[in-house]
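Trainee: Coordinates for the following, if possible.
(2 chains)
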Amino acid sequence: MKSSLSHWVRAGAVCCLLLGPALSPALAGTVKVGAIFAVTGPASFLGGPEARTAALVVEKINKAGGIGGDTIQLIVKDSAGSTEKAVSFAKQLIEEEKVVAIIGPSTSGESMAVKKVAEDGQTTLISCAAADVIVNPVARYVFKTPQKDSFAAQMIFEEMRRLKIDTVALASGNDGFGKAGKEQLEKLAPAFGITVAASETYDSKATDLSALVAKLKANAAIQAVINWSVVPAQAIIAKNMRQAGWRVPLFQSHGFGNIEYVRAAGAAAEGIVFPCGRLLVVDALPAGHPQKALLGQYKSEYEAAYKEEASAFGGYAYDAMNMVAAAVRQAGNDRAKVRDAVEGLKNFPGVGGMFTFSPEDHNGLTIDSFAMMTVRDGQFVLYQGK
Amino acid sequence: MSLDLFLQYLFAGITYGSIYAIVAIGFNIIYNTTGIINFAQGEFVMLGGMIAISLLEYLPLGYAIAAAVLITMAIGALIEMLFIRWLESPSVLRMIIITIGISILLRESALHIWGESIRSLPYFYGNEITTFNLGSVHISPQVVWVIVACAVMMAGLSVFFRSTPIGREMRACAANRTAALLCGINTRNMVTLSFMLSAGIGALAGCVMSPITYTQYDSGTSLAIKGFTVAILGGLGNSLAAVAAGILLGIIEAFSVSVVPLAFQDAIAIAILLLILFVKPHGIFGSSEAARLKDF
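Mentor: Numbers count the residues shown, from 1 in each chain, chains lettered A, B, ... in the order given. Presented below is the predicted three-dimensional model:
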C-alpha cells in the first residue's frame, strides 16, 4: 500500500512538471502583486486586517473584470513581524515571483529593513507602517500610506498648547514604531515649548506597567502622559494609570485606532485623546466630506466580509492595494512605469486621506488627514476640546 | 525614594511575582511526577483564559471559569495520552522536545480558533478603574484575586502532595519510577494525573490574570519563560520555593524600573536565571544533596 501511494505521488509530481509550462500561457493575463504582512505574531493586529483588506480589494477588482482583462494575483507572505523573514520574502517576491509591486510590510522596523531590498530590486514598495524615516529621506521606490508620525506628534502638541500643558512624560514601546515616535516627540517638543520630564521605554510584550506608572506619578511636575506604541500596552497603561488614581490626561498615538484596545481598557479608555484618520468616525463626518463615501464603503464591505470592525490598519492596506491597481491600470504590468505612475498620483482618495505624491513626498498626505479623537462610552468620537 | 513609591513598586512586584509563581507551580507538578519540564505549560495558561472568555457568552463568570479549567484539564490528559503515555521509557530530552512541539501545536491551533486579537475576561470585582486604597497605595481588586488564587493553590497542593494517598503516589513516581511501579503504583496514570493537575492550575491562573495581562494566542510563551526562570530560581520541584522565588523576581523587576528602563525587565530575569544556574544550579531554596540524587 505504502509503495503504491508513493508511486501516485511521484506520478502526480511528474504530471505537474510536464503540465507546468503548458499551463502557464493560460495564466498570461495575470498581474502579480506581492504583499508582506505580519499576519501572525506580535504585530498580527496590524497584519491580520491588512492581509484581509488587501484580499478583499483584489477580489473586488477581479470580479469587476480585473485590470484591462488581466486578473490580479495577490501573493501574501506572512512575516510574523520578523525583520529577517520580511527581507527574505521581499527578495523572493522580487526575484522569483517577479511581482510588479509590493505592499507592506506592516511594521516600521520591517519596512526599514525591506527598503533597501526594494531599491536594489527596483520594485515599488508601498509600506503600511507609520514611521517618518521610511520615506524621509525619500527613496526612489519606497512609498507609504499611513500618516506620518511627525504629524501625529504635532497634533498632540498643538492640543497640549491649547490645554496649557507644558511638562509631559513619554512612554513608548521598544519596537520600531515606538522608537520612531519617541524620536519625533523629543525632537518636536521644544518647538512647542513643551518639556519632556521623563521618557520611559517598555518591552512591546509588556503585560503590566504599574511600576512604570508609579515612577512617573512620583514626579509631580508631569501634567500629561503621551504613550506611543501599537501593542496591547496601550490599553494596559491606561488601566494602570487610572488604577493608580492618576488623573492626568493620557494622549496616545494613531496606533490606538483599533476599537479592540478600547474594549480591552474598558472604563479606563474614557477620555484618551489621540490623532487618527477619519475612518473611525465616518458616521460623524459631514455629508459633503470628500472621504465620507469611500470610508463608508470600505467599512461596510470589510465588516460584511469578515464580521469584525474595520480598523485604521486595514485602511493602510486598502490604500496601498488601490494605488498599485491604479498605477497598473495606467502603466501596465511594468515595474519602472508602475513606480512612475504611483509617484504621479494626485488627489487620490484613500482611507488615510487625499494622497498627492511627488518626487519629494512619498507619503502624499497633509496634516489634515488626521483628526483628534477621543473615547466616549466605549466608542471613538471626534474630539471637541476640553 | 518616598514611602508611597516604595509601596507602589512593592505591590506591582507582588502582582507580577504571583503570576510567575502560579506558572512555576504548574512546571513543578509535572516535574515532580515525571522529572521533565513541560514547556507547554504557558499554553495551558493561555487556553484557560481563552476558553473561559469564549464560554462567557453562554455561562456566568464563575461557571465559565470552572468549565474552562475542566476543559483544559481534559486537554492536558488528552495530550499526555496521545503524545507521552505510549512512549517506552523515553529519555528526558525526548520528552522535553515533545512538550516544545505540543506548545507550538497548541499555540497555532489557538491562532486558528481565536484569531490574533487580544481578549480578556471582565474584572471579577468592579471594573478597569476600580481600586481600593491601602494607605496611599492604590491596588486593583484583581491583584487581590491573583494573590488569593496563588495562595489557595499553593496551600491546596501542599496538602494534596503531603497528605493524600494519590499525592504521595505521585511523589513516589517522581522519586523513583521503577520502585513506585514495584510498589504497585500505576505510574502511567500518575503521569496523566499530573498533566491534568498542572493544566488545571495553569487554566485557573490564565483566568485570574486575564483581566490584568489580557489573553492572546501567543501570550503563553513569555509566561512560560518567566515561570521557568522562577521554577529554577526556587529549586525545581518545590512549589513553596517557587512562590517565594516568583515574588522575589517580581519585586526585583518592579524596583529595577527606578534605575533602568522597563524594557530591560526581561534581560534582568534572564540575567538572574543565568546567575543562579552558574552559582547555585539547584535553586536558592533547593539543596545540592537532593539535586545530586536526581537523574540530571
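Trainee: Now B:Phe160, what are its backbone angles?
Mentor: Comment: the main-chain dihedrals of B:Phe160 come out as phi -60, psi -50, following degrees, to the nearest 10.
Trainee: after the one helix or strand B:Leu105 maps to comes which helix or strand?
Mentor: Using DSSP states H and E, B:Leu105 falls within helix B:92-114. Once the chain leaves helix B:92-114, the next helix or strand it forms, by DSSP H and E, is strand B:132-134.
Trainee: So which residues make contact with that next one?
Mentor: Applying Cβ atoms under 8 Å, 6 or more residues apart in numbering or on different chains, the external contacts of strand B:132-134 come out as A:245, B:7, B:138-139, B:141. C-beta: built from backbone N, CA, C; applies to glycine.
Trainee: Direction included, what does it pair against?
Mentor: The strands beside strand B:132-134 in its sheet (DSSP bridges) come out as strand B:137-139 (antiparallel).
Trainee: Now do the buried residues in the helix holding B:Leu105.
Mentor: For helix B:92-114, the buried set under the neighbour-count rule, 16 or more other Cβ atoms under 10 Å in any protein chain shown, comprises B:95, B:98-99, B:102-103, B:106-107, B:110-111, B:114.
Trainee: chain center to that helix: distance?
Mentor: 16 Å (Cα atoms, centre = their mean, to the nearest Å).
Trainee: looking only at pLDDT, what's the mean for that helix?
Mentor: Across helix B:92-114, the average pLDDT comes to 90.
Trainee: which of the contacts of strand B:132-134 lies closest to B:Thr130?
Mentor: Among the contacts of strand B:132-134, B:Pro141 lies closest to B:Thr130 (Cβ to Cβ), at 6.0 Å.
Trainee: How many residues are close by that closest one?
Mentor: For B:Pro141, the tally of surrounding residues (other Cβ atoms under 10 Å in any protein chain shown) stands at 16.
Trainee: Touching, it and B:Gly126? I think so.
Mentor: Yes. Counting by Cβ atoms under 8 Å, B:Pro141 touches B:Gly126, with 5.4 Å between them.
Trainee: Centre of the chain to the longest helix anywhere in chain B, how far?
Mentor: What stands out as the longest helix in chain B, according to DSSP state H, is helix B:3-34. What separates the centre of helix B:3-34 from the centre of its chain is 9 Å, taken as Cα atoms, centre = their mean.
Trainee: Just want the angle from the helix or strand following it to helix B:92-114.
Mentor: On the C-terminal side of helix B:3-34, the closest following helix or strand by DSSP H and E is helix B:41-55. Relative orientation of helix B:41-55 with respect to helix B:92-114: 20 degrees, computed using axes from the mean of the first three to the mean of the last three Cα atoms, to 10 degrees.
Trainee: any idea of the mean pLDDT for helix B:41-55?
Mentor: Here the mean pLDDT over helix B:41-55 is 96, rounded to a whole number.
Trainee: That helix close to chain A?
Mentor: No. Among the residues of helix B:41-55, none lie within reach of chain A under Cβ under 8 Å from any Cβ of the partner chain; the closest is 11.6 Å away.
Trainee: mind checking the backbone torsions on B:Val259?
Mentor: On the backbone of B:Val259 - angles per degrees, to the nearest 10 - the values are phi -110, psi -40.
Trainee: quick one, strands of the stretch 151-300 of chain A?
Mentor: Assigned strands in the stretch 151-300 of chain A, in chain order: A:167-173, A:195-202, A:224-228, A:250-252, A:273-276 (criterion: DSSP state E, counting those that start in this stretch).
Trainee: list the buried ones in the last one?
Mentor: Within strand A:273-276, the residues that qualify as buried by neighbour count (16+ other Cβ under 10 Å) are A:273-276.
Trainee: For chain B, see how far away A:Leu216 is.
Mentor: 10 Å (Cβ to the nearest Cβ, to the nearest Å).
Trainee: repeat for A:Ala371
Mentor: For A:Ala371 relative to chain B (Cβ to the nearest Cβ), the value is 25 Å.
Trainee: after the helix or strand of chain A with the lowest mean pLDDT, next one along is what?
Mentor: Ranked by mean pLDDT, DSSP states H and E, the weakest helix or strand in chain A is helix A:2-23, scoring a mean of 48. The C-terminal neighbour of helix A:2-23 among helices and strands, as given by DSSP H and E, is strand A:30-37.
Trainee: Following that following strand in sequence, what is the next regular element?
Mentor: Using DSSP H and E, the helix or strand that directly follows strand A:30-37 along the chain is helix A:44-63.
Trainee: Quick check: residues of the stretch 251-386 of chain A near chain B?
Mentor: That would be A:260-261, A:264-269, A:308, which are the residues of the stretch 251-386 of chain A within reach of chain B (Cβ under 8 Å from any Cβ).
Trainee: what about burial for those residues, which qualify?
Mentor: Among those, those scoring as buried are A:260-261, A:264-266, A:268-269, A:308 (criterion: 16+ other Cβ under 10 Å).
Trainee: Can you tell me which of those is nearest A:Ser229?
Mentor: Taking those together and measuring to A:Ser229 by Cβ to Cβ, the closest member is A:Tyr261, at 10.3 Å.
Trainee: The residue nearest to that closest one when sequence neighbours are not counted: neighbouring residues, count only.
Mentor: Counting by Cβ to Cβ, 6 or more residues apart in numbering or on different chains, A:Ala235 is the residue found nearest to A:Tyr261 once chain neighbours are left out, at 4.6 Å. Number of residues near A:Ala235 (other Cβ under 10 Å) recorded here: 26.
Trainee: next one: B:Leu233
Mentor: Residues lying near B:Leu233 (other Cβ under 10 Å) number 28.
Trainee: low-confidence ranges in chain B?
Mentor: In the predicted model of chain B, residues B:287-296 satisfy pLDDT under 70.
Trainee: now the closest residue to B:Gly26 other than its chain neighbours: how far from chain A?
Mentor: Take B:Gly26 and drop its neighbours on the chain: the residue closest to it by Cβ to Cβ, 6+ apart is B:Ser198, 4.2 Å away. Distance of B:Ser198 to chain A, given as Cβ to the nearest Cβ: 21 Å.
Trainee: which residues touch B:Asn32?
Mentor: Taking Cβ under 8 Å, 6+ apart as the definition, contacts of B:Asn32 comprise B:161, B:170-171, B:174, B:194, B:237.
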